[in-house]
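J.: Sequence plus the predicted model coming up.
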Amino acid sequence: MKNKETIETYHFIKNDLTIKTVQKYKLPKKLLSKGTNNAKTAKNNYPTYILYMAPYTQNYKGINLCPKASDGCAAACLFTAGRGKFSNVMNARINKANYFVSNKKAFIWQLAAELVKINRLAKQTTLIRLNGTTDVDFVYLLKKYSNLDISDLTMLKFYDYTKVLQRALRYKNHPRYKITFSRSEDNEEQCIEALKQGINVAAVFNGYLPDQYKGFNVVDGDISDNEMLYYNGVVLGLKAKGQAKKDNSNFVIKTQVTILN
């Protein structure tokens, strides 16, 4: 596929008249962004590339790209944090989401081509995060639509967060893909199960990070985005960012100390 700005359009029809023409998407030049543009991934020990799309149902078809997202998760999504708060960044991510839901096969072929190229040009181990703000099984889709097995990309190391416990368990022992389960206000039992299985669990705190949570060790997940690669079966503590600072759903674990006069 030629990498030109292709625009697909659709029409709103009312009383047999076309009243508005809307762009579905423009073909993006690149799907993967360098991690140097992200405050957290910029701290990674290796070069990093991330795929950012609009999360949840923020695409023109209303397809949920975060199928297990809780209400608290959707409200606190990092889509609103960092550079994501700028309209041009939001629009670019929505555009990619529209591309994905419109022509999944073409999207995956383009993604596969970018991964193969990064692998070929890599001078050292390079990290890939395919779900910057979504929760899609791209490892499966890459194999299904492009016959690309990420195990063959020997210079690349993949990592992700997911709220789908079955996916975390499925890839638990994958040689090139490290996946962390994400806590929300409605999946505490699944978090405990993941931790018992040796899978890391990411949890958001609005105060200090405790040494332990539910009997499991807590490590500072904000040191870098690749902290998950060094641990198994621990809680990756993350500080509330963006809209998460305003959470009242228990998605964010409150550890603020109240000082009594």
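T.: Sure thing, it's come through.

J.: Okay, the nearest residue to residue 211 once chain neighbours are set aside and residue 235: tell me how far apart.
T.: Excluding the flanking residues, the one nearest residue 211 by Cβ to Cβ, 6 or more residues apart in numbering is residue 218, at 6.1 Å. C-beta here means a position set from N, CA and C on the backbone, and glycine is covered the same way. The gap separating residue 218 from residue 235 is 5 Å, by Cβ to Cβ, to the nearest Å.

J.: follow-up on the earlier one: please report phi then psi for the residue nearest to residue 211.
T.: Per-residue torsions, residue 218: phi -110, psi 130 (degrees, to the nearest 10).

J.: burial count for it?
T.: 18 (other Cβ atoms under 10 Å).

J.: Can you check which residues contact both of residue 218 and residue 235?
T.: 203, 212 (Cβ atoms under 8 Å, 6 or more residues apart in numbering).

J.: dump the residue contacts of the residue nearest to residue 211.
T.: Each residue near residue 218 by Cβ under 8 Å, 6+ apart is listed here: 203, 209, 210, 211, 212, 234, 235, 236, 237.

J.: Then residue 59?
T.: 65, 94, 97, 98, 100, 101.

J.: Let's see which of those residues end up in helices.
T.: 94, 97, 98, 100, 101 (DSSP state H).

J.: how about those in a markdown table, adding neighbour count and distance to residue 181?
T.: A markdown table is the format used below for the ones in helices among the contacts of residue 59 (neighbours: other Cβ atoms under 10 Å; distance: Cβ to Cβ, whole Å):
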| residue | neighbour count | distance to residue 181 |
| --- | --- | --- |
| 94 | 17 | 27 |
| 97 | 26 | 23 |
| 98 | 23 | 28 |
| 100 | 26 | 23 |
| 101 | 18 | 25 |
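
J.: want to throw these into TSV with pLDDT?
T.: Formatted as TSV, the ones in helices among the contacts of residue 59 follow (pLDDT from 0 to 100):
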residue	pLDDT
94	93
97	96
98	96
100	97
101	96
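
J.: which one of those is nearest residue 158?
T.: residue 100 (17.9 Å; Cβ to Cβ).

J.: What's the separation between the closest one and residue 52?
T.: To residue 52, residue 100 is 12 Å away according to Cβ to Cβ.

J.: next one: residue 189
T.: 30 Å.

J.: Just give the closest residue to residue 213, not the sequence neighbours.
T.: In space, residue 213 is closest to residue 235, 4.8 Å off (Cβ to Cβ, 6+ apart).

J.: Could you report the pLDDT at the one you found?
T.: On the pLDDT scale, residue 235 is placed at 97.

J.: now stretch 107-124: mean pLDDT?
T.: So the average pLDDT for stretch 107-124 ends up being 98.

J.: next one: stretch 152-165
T.: On average, stretch 152-165 scores 97.

J.: Buried residues, it. List them.
T.: Within stretch 152-165, the residues scored as buried using 16 or more other Cβ atoms under 10 Å are 153, 156, 157, 158, 159, 160, 161, 162, 163, 164, 165.

J.: give the contact list for the first one.
T.: Contacts for residue 153 (Cβ under 8 Å, 6+ apart) come out as 115, 116, 119, 176.

J.: Secondary structure element holding the first one?
T.: Residue 115 is located in helix 104-121, with elements delineated by DSSP states H and E.

J.: chain center to that helix, what's the gap?
T.: Helix 104-121 has its C-alpha centroid displaced from the chain centroid by 17 Å (Cα atoms, centre = their mean, to the nearest Å).

J.: again with stretch 186-197
T.: 19 Å.

J.: outside of stretch 192-209, which residues touch it?
T.: So stretch 192-209 is contacted by 76, 161, 165, 168-169, 172, 179-183, 191, 213-214, 216, 218, 220-221, 228, 231-240, 244-245, 247, 251-257 (Cβ under 8 Å, 6+ apart).

J.: Pull out the buried members of those.
T.: Buried, going by 16+ other Cβ under 10 Å: 76, 161, 165, 168, 179-183, 191, 213, 216, 218, 221, 228, 231, 234-240, 244, 247, 251-253, out of these.
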